[in-house]
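Chemist: missing the sequence, but the structure's below:
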Ligand code: IVH
């Protein structure tokens with residue numbers, strides 16, 4: 001083999017590592033995913049032709065092949081300690097007092113970091129090469145999970161040496177975790193395949209890292225953030241701040257959300273910010289970690305038994321709680337779907353009292369084997385509805401009861417139906433009072449007609465007393481009817497009538513959203529209103545024509561066409577028009593700047609125009625072009641041979657456009 005090939009192989013390895021670094025560590029990717037894949041494939045091909053060149057630290061060698069029977073043990077050369085907890089601000093102040101009592105200082109400088117809820121590991125680098133990696137274990141001895149850690153792309157197999165010479169020994173510690181979105185995605189897939197789901201991201205990360213088959217680990221998106229060191233030789237590090245700066249220079253990933261705090265006051269401020277912002281983080285954090293910054297100060301403060309006095313975890317109020325499931329009731333939705341609702345013994349989770357949670361559907365209850373009377377784990381993830389993640393089967397007493405879905409609608413007693421393709425049971429009765437109430441509440445909600453002064457109680461009364469049977473009936477209400485209701489005075493009645501009158505002139509998009517056509521949310525309703533100049537045009541559109549529109553899948557197209565041709569859909573619209581509701585169309589906005597605040601991300605190769613031109617045209621219309629897919633992305637344009645961005649878009653629920661749809665969109669604005 002020629003030395004040219006050897007050089008090329010080495011050059012490719014360096015280049016791939018550099019792009020890993022730019023992608024994972026500095027967040028400044030220079031090439032597209034497809035270009036990265038091309039480099040990788042080239043290296044793979046060369047290595048396949050010259051297997052004698054393959055080294056263990058080649059980027060292609062991340063996936064171990066043969067599953068092992070068990071893990072061997074690794075002794076940490078310096079024990080991996082754990083530390084105490086503070087549960088509130090007072091606890092953090094106590095910690096600071098304790099630290100200062102061992103020093104002669106009025107205030108101490110700390111570094112505060114988010115405390116990730118994952119799994120602590122230690123990576124050992126010798127002369128810049130990853131030689132092994134282990135779990136924390138009991139702190140002294142952990143399990144050798146080297147093969148699994150090697151599959152994590154954000155763990156370098158070789159340290160970077162452009163700023164520092166490779167230290168002869170570097171033991172670095174960090175947290176392996178999985179992002180929430182990836183966790184949810186994986187659980188959905190498992191659910192689909194009939195496999196048991198993971199209770200939370202931490203369990204999934206732990207389960208994945210302890211997989212005996214590294215190929216499974218490789219298929220799951222684990223991440224790492226490094227935050228501590230063990231034994232180090234050949235590198236001087238004397239403060240936490242310095243540590244957090246040097247690690248990325250060596251190619252090791254550090255959570256950028258750390259903060260240097262000159263005193264405990266700044267720590268408390270960080271604690272508050274993180275506590276309030278925790279649900280916006282893409283991963284689960286259960287608190288903050290506070291560490292004395294200066295290593296020599298740490299030595300003066302010392303340790304008690306196996307936990308240092310110089311560090312503490314400031315835990316956030318729990319986002320999970322355990323309580324008893326008292327009962328399961330049924331709620332009937334707008335489309336007639338019967339949703340089982342958990343009635344819980346009230347429990348405080350994340351500072352809020354929770355007494356009910358959705359159980360989604362019967363299959364979910366069966367799959368999780370949840371029974372009335374069970375002790376259950378209740379979770380609040382962000383501002384979403386609380387959910388029950390699992391029942392504590394091990395705590396059963398034998399008096400628990402299984403839940404059976406009712407055979408008739410609990411509200412109107414019509415026998416329920418379940419179609420082959422659905423998990424849901426439905427009340428098929430279009431005049432079911434529960435369905436009417438829900439339809440009305442949706443129709444008057446913020447995103448639709450936005451009628452103030454009409455809450456669920458009022459709507460229930462109107463439907464119960466037969467004053468309102470259809471959406472149109474809302475606009476036929478008169479003053480005397482309203483005055484006859486409980487708790488509605490003359491002033492509120494007049495206000496409500498005025499609000500209803502004003503609402504008759506409604507944007508078509510809001511009107512369409514308010515109709516509650518299955519699959520049509522606020523965004524698609526807006527697209528429909530932009531595309532069709534009138535309600536009549538839209539109601540005549542075929543499913544095929546609708547499916548041609550960007551963002552409209554065949555199922556949604558079918559659902560819209562079905563709604564407009566059904567007797568029930570037609571009747572609902574006629575009734576509303578008859579009651580005086582007059583939706584108006586917004587002129588499609590063709591002025592420049594119409595892509596303002598829309599952010600596009602491209603992946604794969606565009607066949608009809610270069611990416612640079614595509615970007616320029618987006619920008620000319622006031623839009624923005626991004627390098628990576630985030631929650632702020634409006635569209636991901638998917639060309640040929642797309643990279644991981646397409647999957648990321650799907651994960652985050654961001655709409656994708658084909659090249660043709662993208663060009664149509666541009667033309668509609670240009
Ligand atoms: S430092 C003595 N920093 O918390 C210091 N730990 O209870 C050693 N953890 O086992 C650890 N985020 O799993 C440190 N930013 C962070 C952390 C962190 C999470 C975990 C880690 C450790 C546990 C200690």
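Modeler: Perfect, thanks for sending it. Nothing here was measured: the structure is a model prediction, and the numbers come from that model.
Chemist: Can you pull out the low-pLDDT segments for this structure?
Modeler: Scanning the chain for pLDDT under 70 picks out the ranges 1, 64-68, 191-192, 194-197, 199, 351, 381-384, 421, 586-593.
Chemist: which residue is nearest the middle of it?
Modeler: residue 181 (3.6 Å; Cα atoms, centre = their mean).
Chemist: ok, now how distant is it from the ligand?
Modeler: As for residue 181, its distance to the ligand is 20 Å (criterion: Cβ to the nearest ligand atom, to the nearest Å). C-beta here means a position set from N, CA and C on the backbone, and glycine is covered the same way.
Chemist: and the gap between the spatially closest residue to that residue that is not a sequence neighbour and the ligand?
Modeler: Once flanking residues are discounted, residue 181 sits nearest to residue 651: 5.1 Å by Cβ to Cβ, 6 or more residues apart in numbering. Separation of residue 651 from the ligand (Cβ to the nearest ligand atom) stands at 24 Å.
Chemist: same deal with residue 416?
Modeler: From residue 416 across to the ligand, the span is 48 Å (Cβ to the nearest ligand atom).
Chemist: Could I get the contacting residues of the residue lying closest to that residue once chain neighbours are set aside?
Modeler: In space, and not counting its chain neighbours, residue 416 is closest to residue 425: 4.5 Å by Cβ to Cβ, 6+ apart. Contacts were defined as Cβ atoms under 8 Å, 6 or more residues apart in numbering; by that measure residue 425 touches 337, 338, 361, 362, 405, 416, 417, 418.
Chemist: On the three-state scheme, residue 338 is what?
Modeler: Secondary structure assignment for residue 338 (DSSP: H, G, I helix; E, B strand; the rest coil): strand.
Chemist: Please apply the same query to residue 506.
Modeler: Per three-state DSSP, residue 506 ends up strand.
Chemist: Quickly find the element holding the closest residue to the ligand within the chain.
Modeler: Here the residue of the chain nearest the ligand is residue 120; by Cβ to the nearest ligand atom that distance is 3.2 Å. Element membership for residue 120 (DSSP states H and E) is strand 119-126.
Chemist: which secondary structure elements does that strand contact?
Modeler: Judged by 3 or more Cβ pairs under 8 Å, 6 or more residues apart in numbering; DSSP states H and E, strand 119-126 is in contact with strand 129-135, strand 169-178, helix 201-209, strand 222-233.
Chemist: Tell me which of the ones you listed sits nearest to residue 265.
Modeler: Evaluated with Cβ to Cβ, the helices and strands packed on strand 119-126 place strand 222-233 nearest to residue 265, the distance being 22.7 Å.
Chemist: Next, the buried residues of the helix or strand that that closest one is followed by.
Modeler: Where DSSP H and E defines the elements, the next helix or strand beyond strand 222-233 is helix 240-249. Residues of helix 240-249 classed as buried: 240, 241, 243, 244, 246, 247, 248 (neighbour count, 16 or more other Cβ atoms under 10 Å).
Chemist: Next: stretch 162-174.
Modeler: 164, 166, 167, 169, 170, 171, 172, 173, 174.
Chemist: what secondary structure does the third one sit in?
Modeler: The one in question is residue 167. coil.
Chemist: ok, the contacts of residue 425 vs residue 253, which is closest?
Modeler: residue 361 (39.3 Å).
Chemist: isn't that closest one right next to residue 403, touching?
Modeler: No. Using Cβ atoms under 8 Å, residue 361 is not in contact with residue 403; the gap is 11.4 Å.
Chemist: which residues do these two both contact?
Modeler: Common neighbours of residue 361 and residue 403, counting by Cβ under 8 Å, 6+ apart, are residue 340.
Chemist: Mind listing what's buried along the strand holding residue 120?
Modeler: 119, 120, 121, 122, 123, 124, 125.
Chemist: cool, stretch 373-393 as well?
Modeler: Buried positions in stretch 373-393, judged by neighbour count with 16+ other Cβ under 10 Å: 373-381, 386-391.
Chemist: Of those residues, which belong to strands?
Modeler: Assigned to strands by DSSP state E, the following of the buried residues of stretch 373-393 qualify: 375, 376, 377, 378, 379, 387, 388, 389, 390, 391.
Chemist: Also within reach of the ligand: list those from those.
Modeler: Near the ligand, judged by Cβ under 6 Å from any ligand atom, there are no entries from those.
Chemist: now, the most widely separated pair of those?
Modeler: 375 and 387 (15.6 Å).
Chemist: mind listing the strands in the stretch 251-400 of the chain by residue range?
Modeler: 259-261, 285-292, 303-304, 307-308, 311-315, 320-332, 338-349, 352-358, 375-379, 387-391 (DSSP state E, counting those that start in this stretch).
Chemist: cool, and the stretch 551-670 of the chain?
Modeler: Using DSSP E, counting those that start in this stretch, strands in the stretch 551-670 of the chain cover 582-584, 599-603, 624-626, 635-638, 656-658.
Chemist: could you redo the ones you listed as CSV and give each row mean neighbour count and distance to the ligand?
Modeler: Listed next are the strands of the stretch 551-670 of the chain as CSV, based on neighbours: other Cβ atoms under 10 Å; distance: least, Cβ to the nearest ligand atom, whole Å:
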stretch, mean neighbour count, distance to the ligand
strand 582-584, 15, 53
strand 599-603, 23, 30
strand 624-626, 16, 29
strand 635-638, 24, 32
strand 656-658, 17, 35
